[in-house]
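> Take a look and give me a structure for this.
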Amino acid sequence: MGARAQYVVVENGTWQRYYSHWAANRVADDLLPGPAAATRCFRANREIDEWLDDVWCEGAALVDHDRRTLLWFASPDSWADHLAARAVLARTWPGWDVRFAHDGMGDLTQHLDLGRELTRAPGWFETFEAAGFAHTEYSEPHSVASLRLPDGSVRAWGSDWEPVEHLAGGLGLIDHLAASPVTPALTDMPYGGVHFDPRARTVSLWAVQTVAGIHDWPLPGWEDWTLDFRGDDHTLQAGLLPADFPFPRPSLAAALRRLGDGLGTPPPDNGPLLARAAAAAGPEGTTPVVTPAALVPHEPADPTPAELAVLRTVITALVAEAEESLP
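Take a look at the predicted model:
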């Protein structure tokens, strides 16, 4: 139970790890005020001497003061929220190399020269036999899969799979895609997309979430294919989609305003939730137990008045720029 986050602070040639049981959905919020505020926030939480793995760690950040590098990941509420956070961080961390850690914990451990496999068990990337293609009557598909057909045209489908799951299905998925029925038009931006070009033997992938293993190419079953990993840049696939299946254009200004409205909002009090969980009747002969770490609240970023003023100024400027760019 919880939304576990891990933090790493590198300074003066040494690094320390910290942990929060409830902070995975607040990683971006704690980073927004800049490196000094983020570092204070991380150090205010519990120092630990182990690594979380890609299963249990749902958000993380590494702040390297020596190399002025920030690596971070978290699951965004939407495509626009991810882009809004990226835009703010680009200005509140001036002079820093700010990167989204698409390989999850692998990017953080690799940065420390510990290798990408440190937090991954052997055989962690599970492939499966593609027996069909997962799509439903959705309103917001998780991703978009597109395919260049033999006649040169491109078809696209909304998908309930995460982008990397399309690769785990192997080459057999391509035939299933080609035979799949039309899916509803998009009503919101997905979290990622994958495009297959069998003639060029190239697969392109983008995502605003982690894509663990993306740097281990070729993944099983794709040995003779080239990967074009686009980070969170969706524009290549946008240019390939058929005219009747375009990406929507959510309001970046609205997402930026949500960030501004949330400044200073404390984390939710999980005490009542935990009390109800502990009081609930379990199967006969069992006693509910609350994980001790769940009782420790997250210590959020507490920016100084000057840091908060800079952050508000940045968000206001970005909102104005986003509104000016509207057609």
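
> Okay, now the unreliable bits of this structure?
1-2, 123, 134-139, 265-285, 287-297, 327 (pLDDT under 70).

> The stretch 1-150 of the chain: helices as residue ranges?
Remark: helices assigned in the stretch 1-150 of the chain by DSSP state H, counting those that start in this stretch are 27-31, 35-44, 79-92, 105-111.

> correct me, but residue 189 touches residue 248?
Yes. Judged on CB atoms under 8 Å, residue 189 makes contact with residue 248 at a distance of 5.7 Å. (Glycine included, C-beta is placed from N, CA and C.)

> Comparing those two, which residue is more hemmed in?
Neighbour comparison, residue 189 and residue 248: the larger count goes to residue 189, with 22 against 12 (by other CB atoms under 10 Å).

> how would you label the more buried one: helix, strand or coil?
coil (DSSP: H, G, I helix; E, B strand; the rest coil).

> quick one: contacts for it?
78-80, 234, 247-248, 250 (CB atoms under 8 Å, 6 or more residues apart in numbering).

> Quick test: name the residue nearest the centre of the chain.
Nearest to the mean C-alpha position of the chain, by CA atoms, centre = their mean, lies residue 209 at 2.5 Å.

> circling back to that earlier point, can you redo the helices of the stretch 1-150 of the chain as a markdown table with mean neighbour count and distance to residue 263?
As requested, the helices of the stretch 1-150 of the chain are exported to a markdown table (neighbours: other CB atoms under 10 Å; distance: least, CB to CB, whole Å):
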| stretch | mean neighbour count | distance to residue 263 |
| --- | --- | --- |
| helix 27-31 | 24 | 8 |
| helix 35-44 | 19 | 12 |
| helix 79-92 | 21 | 11 |
| helix 105-111 | 22 | 26 |
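
> which one of the ones you listed lies closest to residue 53?
helix 105-111 (6.7 Å; CB to CB).

> all strands of the stretch 51-200 of the chain, in order?
For the stretch 51-200 of the chain, applying DSSP state E, counting those that start in this stretch gives strands covering 59-64, 69-74, 97-100, 143-148, 154-159, 192-197.

> Looks like residue 73 contacts residue 100 (just checking).
Yes. Taking contacts as CB under 8 Å, residue 73 lies within contact range of residue 100: 6.1 Å.

> Compare these two and say which is more crowded by neighbours.
Taking other CB under 10 Å, residue 73 and residue 100 do not tie; residue 73 has more neighbours (28 against 23).
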